[in-house]
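Asker: prediction below, plus the sequence it came from.
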Amino acid sequence: MALLTCRKNSHLVHISIAGDATVRTIFRIKKGLARLIREPVEVYKLDISTITDTDFTFFQLLIAFHFKLKALNRELVLINCEDDSAFMKTSLLCGVDLRRVLNFEGGQDGS
Amino acid sequence: MEVEALREIFREEASELLAQIEMPLIELESNPSDMELINNVFRSMHTIKGSGSMCGYSELSGFTHNLENLFDCLRKGKLSADEKIIRLSLRAKDCMKSLLDGIDSEEDRAERDGILEEVQTITGGMTCREAESEVEAEDDTLPCDEAVNSLSEKYRIVFMPKPDILSRGIKIEPMLAELASLGNFRARVDTAAIPDFDDLEPEECYLSWVIDLETERDVYDIKNVFMFAEDYSEVVIRYSDGFFLNNAFFRNEEEEGVEKKVLPMLSLMDGKAVKNAAQEKAVFDRRKSDTTSIRVKNEKLDTLVNLVGELVTLQARLNQESASAQVPEFISIAESLGRLTGELRDNTMSIRMVPISDTFNSYHRLVHDLSGALGKKIKLITTGGETELDKNVMEALRDPLMHIIRNSCDHGIEPVEERVSGGKDESGIIQLAAEHSGANVVIRISDDGGGLNREKIRARAIERELLQPGEYDDRQIFSMIFEPGFSTAEITTDISGRGVGMDVVKRNIEKLRGSIIVESVEGEGTSINLTIPLTLAIIDGFMVELGGSPFIFNLTNIRECLDFSSKEERDDESNFIINLRGEVVPCIDLRTVFGYDGDEAAYPQIVISEIADERYGFLVDRVIGKYQTVVKPLGKGSSNLDMIAGATILGDGTVALILDAHCIIRSMSSSAKGSLSENMIRQ
């Protein structure tokens, strides 16, 4: 079960996804993210440190979400990404070079 | 998609998979090391397990998992397929079918438990996972770089899943992990096909992969990784010898020829991302449009056929009206519409046509099981499986065919010792062959067994007063096996039992408006020929008139029409014979049969029919001609009218009865003087 929580201030939404971020939960995650697009903020910070299981459907959703925000002059930033996390390991296996496509903050490569 | 709809799709697909694994299982008996057969069964088990779990069939999924494990052990060479495993698998397949159909009695549970125990004994408790981890452990002993030596091959793999691959229960990450375990692995993903966030269906796959793999393993090991995905993706594996495009192999020099077909994939293979929008669309559309067939519920097809039937009826009315209106434009429109309606009818009927191979293949199991039970060696050979027949006809044919094959196994094919002593091969052969013959399909069930004992059948038939003493040809003698009660209890030689239930077989075949002929040579075998119409819904009819009412024959039974000559002698009220070019043809006066007492037509005609190679004439008032007939079943109150096969509505709204020529002949033969009219039309 994925748990999507968010905190909001005037210019930023902090989103956290915990647990399962796979095809089993991806529909709900998309619904949650779609709802957040309506928020009038400039930056979306997505904490993925508590994701325990993921697959490529989550990566393609993130990429689509990123481009959607970009088109609205907004920014998606992934935070707390450790290279040995389930998220990063699966992205490596799937050959999805997320660090080239998305913005990261924190973790080994973060600023 | 609704959960119940998903479950229904699963039930249909799993039933098909279960039907499909019978053949490879039986073939495994003679080719126990054939990996293709083992993989076939394994793949089916895997799919049923995975999809079953997704659709809430946890009991089925759990049970199948054990069988999948057994076949995984066979694949990995840890076990070899023997008779015990094959019989166990066939039993397990039956249990899986029961679970799928929701049958779960105490007896079924006991059978499943017994099977699982036997599987445990055979595998020694080894599970798939352990087998996999053993492989992984072996791999782990060497770092990938060291594992790859000078014998290694460099592969480039393009993997393009169809968007709905996940809904098929297939996961991509485990496949990538398995590839990674084979050697030096590097995957790149093409994300060009990911649509806008709003349009993205999150459960679909928009990615394609290009994978570089350096490994000692051969190309078939790599192909095996994609074995479950091959129906739901495009896979290209290139290496030094050439490349596989799905299951087709091409040498390097052939690349140019296939380049156009797979241009986007080869672009990916050469490391060029699919950037061009048109090309990107081509890649994606190709995967989407690759769905060449869809599933349609039977009821929907039946509704379509019924609606086309109504249209054909309306068309007939339009033809009639246009002809009477005598307006050229009206006639021209009616003719054009008639052509279109005809095409629509033919196409619609063809949708419901299914190859007979599925039905034929289901009898391999029957013969296999009966061989074991009877202690005989019997092979079933099928030919003409591609012959197509209306699905509803096929369904109705299943039981009669089963009965005939059962009889052949039980009473036709001799025990091994008897065959050997008679100079025959120890294995008996039953052949099932199908072929088109005009608007019919002819199915021939033949065996090389002991054949029918002509004299014994004749004597028995005379004893039972089914025949008068005298000489008869083979066909008349052999037709006695279709008489009710001509059973094993009465004749206890190798022909015994040929009559058991064969009357029901004949009745069922005749219900399909088909015919059945037996040929047999004692000591050499028996052959039963079934002639079945391709379809029952819309037929080419032949309309006649009796007492002012229209009646219809099936045109496929009609050979010619003659003017009736009063010189012909009529030996009783309804039956008489004519001399047709030197051949004596029995005729039936349909006016008498249906109780029309009025004046005879001034120029009555005889319609000559041919059924099961026998000619009969029917005396009618007038021949009207060919008529496209939409067959409507009779209502419950009329269903006992054996001589009427159905009804149809003519263009002007009149109802015409469709005559069952078989039944008329049979009834009139058995009761020449019976007043058959009593429960017929005048009711």
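Answerer: Yep, it's here. Residues are numbered from 1 along each chain as shown, chains lettered A, B, ... in the order given.
Asker: show me which residues of chain A are close to chain B?
Answerer: Proximity of chain A to chain B, by CB under 8 Å from any CB of the partner chain, involves residues A:23, A:26-27, A:29-30, A:33-34, A:37, A:55-57, A:59-61, A:63-65, A:67-68, A:90, A:93-97, A:101. Where you see a C-beta, it was placed from the backbone N, CA and C, and this is true even at glycine.
Asker: in strands only, show me those residues.
Answerer: Among the residues of chain A next to chain B, none falls in strands (DSSP state E).
Asker: buried among those? Make that a PyMOL selection.
Answerer: To isolate the buried members of the residues of chain A next to chain B in PyMOL, using 16 or more other CB atoms under 10 Å in any protein chain shown:
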select buried, chain A and resi 23+26+29+30+33+37+55+56+57+59+60+61+63+64+65+67+68+90+93+94+95+96
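Asker: could you check which residue of chain B lies nearest chain A?
Answerer: Nearest residue of chain B to chain A: residue B:187, at 3.1 Å (CB to the nearest CB).
Asker: so what's the closest residue to that residue other than its chain neighbours up against?
Answerer: Closest residue to residue B:187 apart from its sequence neighbours, by CB to CB, 6 or more residues apart in numbering or on different chains: residue A:95 at 3.1 Å. Listed by CB atoms under 8 Å, 6 or more residues apart in numbering or on different chains, the contact set of residue A:95 reads B:176, B:186-189, B:209-211.
Asker: rerun at 10 Å
Answerer: Contacts here follow CB atoms under 10 Å, 6 or more residues apart in numbering or on different chains; on that basis residue A:95 touches A:56, A:59, B:176, B:185-190, B:207, B:209-212.
Asker: what is the nearest of those to residue B:44?
Answerer: Nearest to residue B:44, judged by CB to CB, of the contacts of residue A:95 is residue B:176 at 23.5 Å.
Asker: before we move on, the earlier item: helices - which of the residues of chain A next to chain B land there?
Answerer: Secondary structure defined by DSSP state H assigns A:26-27, A:29-30, A:33-34, A:37, A:56-57, A:59-61, A:63-65, A:67-68, A:90, A:93, A:101 of the residues of chain A next to chain B to helices.
Asker: show me what contacts residue A:94?
Answerer: So residue A:94 contacts A:54-56, A:59-60, B:172-173, B:176-177, B:187-189, B:207, B:209 (CB under 10 Å, 6+ apart).
Asker: per-residue confidence for it?
Answerer: Listed pLDDT for residue A:94 reads 93.
Asker: can you tell me the closest non-neighbouring residue to residue 54?
Answerer: Let's take chain A. In this structure, residue A:54 finds its nearest non-sequential neighbour in residue A:21, 4.5 Å apart by CB to CB, 6+ apart.
Asker: should've been chain B
Answerer: Residue B:54 sits nearest to residue B:169 (CB to CB, 6+ apart), 5.4 Å away.
Asker: what residues does chain B have near chain A?
Answerer: B:54, B:161, B:166-167, B:171-174, B:176-177, B:179-180, B:185-191, B:193-207, B:209-212 (CB under 10 Å from any CB of the partner chain).
Asker: buried subset of these?
Answerer: B:54, B:161, B:166-167, B:171-172, B:176-177, B:179-180, B:185, B:187-191, B:193-194, B:197, B:200, B:202, B:204-207, B:209-212.
Asker: how about stretch B:351-368: buried residues?
Answerer: So, applying 16+ other CB under 10 Å, buried residues of stretch B:351-368: B:352-354, B:356-357, B:359-361, B:363-368.
Asker: just those residues: which are in helices?
Answerer: Those of those lying in helices (DSSP H): B:357, B:359-361, B:363-368.
Asker: ends of stretch A:39-57, what's the gap?
Answerer: 24 Å (CA to CA, to the nearest Å).
Asker: that one - what's its average pLDDT?
Answerer: On average, stretch A:39-57 scores 91.
Asker: list the buried ones in that stretch?
Answerer: For stretch A:39-57, a neighbour-count test (16+ other CB under 10 Å) marks A:41, A:44-51, A:54-57 as buried.
Asker: grab the most central residue of chain A for me.
Answerer: residue A:46 (4.7 Å; CA atoms, centre = their mean).
Asker: show me what the helix or strand hosting that residue is packed up against.
Answerer: Assigned by DSSP states H and E, residue A:46 belongs to strand A:43-47. With contacts defined as 3 or more CB pairs under 10 Å, 6 or more residues apart in numbering or on different chains; DSSP states H and E, the packing partners of strand A:43-47 are strand A:2-8, strand A:12-21, helix A:26-37, helix A:56-71, strand A:75-79, strand A:103-105.
Asker: to residue B:243, which of those lies closest?
Answerer: helix A:56-71 (24.6 Å).
Asker: angle of the closest one against helix A:26-37?
Answerer: Angle, helix A:56-71 to helix A:26-37, by axes from the mean of the first three to the mean of the last three CA atoms, to 10 degrees: 10 degrees.
Asker: any low-confidence regions in chain A?
Answerer: Residue ranges of chain A with pLDDT under 70: A:1-2, A:106-111.
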